[in-house]
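Participant: here are the coordinates; sequence isn't available:
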């Protein structure tokens with residue numbers, strides 16, 4: 001007999017069932033008790049908790065990104081920022097991308113910098129003036 005045939009015969013063979021007395025004796029001496037679930041398991045495996053944490057994260061991210069409309073004051077735009085925006089847009093257009101993509105990339109590059117000391121960043125003023133044209 002080959003090893004494959006032996007394995008096949010062993011897998012097909014019916015094993016004897018334990019007697020009822022043996023089963024009762026084993027179950028009577030089992031030391032398992034009720035499992036205590038830790039608070040961390042309840043928190044992390046709870047669907048409402050995970051959804052609330054996802055919602056809170058999204059809320060915090062949008063609160064940081066969402067523009068604040070109250071209390072803005074106009075500040076004169078910097079010629080350096082205007083030149084940078086125009087250079088970025090021109091480079092993107094020369095690469096063959098549409099004007100809307102060029103404006104979007106220029107906006108990302110200028111607004112990704114640390115915020116200015118003024119209540120309204122120079123980049124926002126540049127893009128507001130472009131939208132007015």
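Facilitator: Thanks, I have it. In this text the structure is predicted, and so the values were computed from the model without any measurement. Residues are numbered from 1 along each chain as shown.
Participant: Which of the three states applies to residue 30?
Facilitator: Secondary structure, DSSP: H, G, I helix; E, B strand; the rest coil: residue 30 is coil.
Participant: Let me fix that, I meant to ask about residue 128.
Facilitator: Criterion first, three-state DSSP; result for residue 128: helix.
Participant: From residue 107, how far off is it?
Facilitator: 11 Å (C-beta to C-beta, to the nearest Å). C-beta here means a position set from N, CA and C on the backbone, and glycine is covered the same way.
Participant: quick one: which of those two has more around it?
Facilitator: residue 107 (18 against 13; other C-beta atoms under 10 Å).
Participant: Give me the nearest residue to that one, chain neighbours excluded.
Facilitator: Excluding the flanking residues, the one nearest residue 107 by C-beta to C-beta, 6 or more residues apart in numbering is residue 127, at 5.8 Å.
Participant: Go ahead and confirm that neighbour touches residue 108.
Facilitator: No - using C-beta atoms under 8 Å, residue 127 is not in contact with residue 108; the gap is 11.1 Å.
Participant: Buried ones in the helix or strand containing residue 104, by neighbour count?
Facilitator: In this assignment (DSSP states H and E), residue 104 forms part of helix 99-111. By neighbour count with 16 or more other C-beta atoms under 10 Å, helix 99-111 contains the buried residues 102, 103, 105, 106, 107, 109, 110.
Participant: What is the lowest-pLDDT residue among these?
Facilitator: pLDDT is lowest at residue 110 among those; the value there is 70.
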